[in-house]
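# next comes the sequence, and after it the predicted model I'd like to discuss.
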Amino acid sequence: MKNPSSSSPIYMLSCLVVLLLLPLPSILADPDSLQDFCVADLSASPSVNGFPCKPASKVTSDDFFFDGLSKEGDTTSRFGSNLTTANVLSFPGLNTLGVSMNRVDFAIGGVNPLHSHPRATETVLVIKGKLLVGFVTTGNVFYSKVLTVGNIFVIPKGLVHFQRNIGKGKALAFTSFNSQLPGAAVLPLNLFASKPSIPNNVLTKTFQVGDDVINSLKSKLGS
């Protein structure tokens, strides 16, 4: 039996199907680094998937050290929470390494509002207090769990999620990501505090409410 010609439509289609079915780990997180490290030169413009490297001759031990997550954040914001980031923009030593962390402080009743990370999966580790953590799938299914000290919850990449302090005192969590710059789309700010604003007729139709509701939300979140 003759092998199909490499130029035949059936052969080409078969190759395409095989390629589509192969696992592609390279697209599941930041690209792997091809050197030991590449401390970011933040004075330069970012290139694709990272900043240019600081010359190795100028790298010191301090480039691999960051103490920004050691201090409690101010939780007097409208959401009652504070986010301290340790990503490549604040910790240049993370450049090309595909990891980052946040510290999230919560006042009593505080919330890290509905948001998503377009470039990373997130794990949440509770250090103090009690948090309700949850996410919604693209199939509109809601998963949630109450976490106490030492508990971990994972949030798949790109899905809308939140954390809320349901304890009787302050709460603290550390979140980690498989990206040096996971990004964050904060829904209330994206929808009601964008510059320029999303047209009211889009929002009223989307949420099935009147202009008064949309204008109220814009005035509260846009200030």
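Alright, I've got the coordinates.
# can you list the weak-confidence ranges in the protein?
1-29, 46-49, 223 (pLDDT under 70).
# and the strands in it?
81-86, 100-106, 111-116, 122-128, 131-136, 142-147, 152-155, 160-165, 171-177, 185-186 (DSSP state E).
# closest to residue 53 out of those strands?
strand 100-106 (17.8 Å; C-beta to C-beta). Yep, even glycine has a C-beta here, placed from its N, CA and C like the rest.
# which residues touch the most centrally placed residue in the chain?
For the chain, residue 117 is the residue whose C-alpha lies nearest the centre (C-alpha atoms, centre = their mean; 2.8 Å). Residues in contact with residue 117 (C-beta atoms under 8 Å, 6 or more residues apart in numbering) are 155, 157-158, 177, 179, 182-185.
# ditto for residue 167
So residue 167 contacts 108, 129-131 (C-beta under 8 Å, 6+ apart).
# who wins for most neighbours among the contacts of residue 117?
Neighbour counts for these peak at residue 177, which has 26 neighbours (criterion: other C-beta atoms under 10 Å).
# and the nearest residue to it once chain neighbours are set aside, how far from residue 67?
Nearest non-adjacent residue to residue 177, counting by C-beta to C-beta, 6 or more residues apart in numbering: residue 120, 3.9 Å away. Separation of residue 120 from residue 67 (C-beta to C-beta, to the nearest Å) stands at 23 Å.
# of the two, who's got more company?
residue 120 (26 against 8).
# so that one touches residue 157, yeah?
Yes: if you go by C-beta atoms under 8 Å, residue 120 and residue 157 touch, sitting 5.9 Å apart.
# what is the end-to-end distance of stretch 178-196?
Terminal residues of stretch 178-196 are spaced 32 Å apart (C-alpha to C-alpha, to the nearest Å).
# what sits up against that stretch?
Contacts of stretch 178-196 (C-beta under 8 Å, 6+ apart): 28-30, 50, 87-89, 94-100, 113-122, 160, 198, 203, 214, 217-218, 220-222.
# give the buried residues for it.
Neighbour-count burial for stretch 178-196, counted by 16 or more other C-beta atoms under 10 Å, picks out 178-182, 184, 186, 191-193.
# excluding its backbone neighbours, what's nearest residue 138?
Of all residues beyond its chain neighbours, the one nearest residue 138 is residue 159 (7.3 Å), with distances taken as C-beta to C-beta, 6+ apart.
# list the contacts for that neighbour?
116, 135-138.
# please tell me how far residue 199 sits from residue 72.
With distances taken as C-beta to C-beta, residue 199 is found 40 Å from residue 72.
# whoops, I mixed them up, residue 176
Applying C-beta to C-beta, the value for residue 176 to residue 72 is 19 Å.
# if we can go back for a sec, if we ignore the residues flanking it in sequence, what's nearest the residue nearest to the centre of the chain?
residue 182 (4.1 Å).
# give the bridge partners for the residue nearest to residue 152 when sequence neighbours are not counted, please.
Excluding the flanking residues, the one nearest residue 152 by C-beta to C-beta, 6+ apart is residue 125, at 5.2 Å. Beta-bridge partners recorded for residue 125 (DSSP bridges): residue 152, residue 174.
# that concludes my questions; thank you for your assistance.
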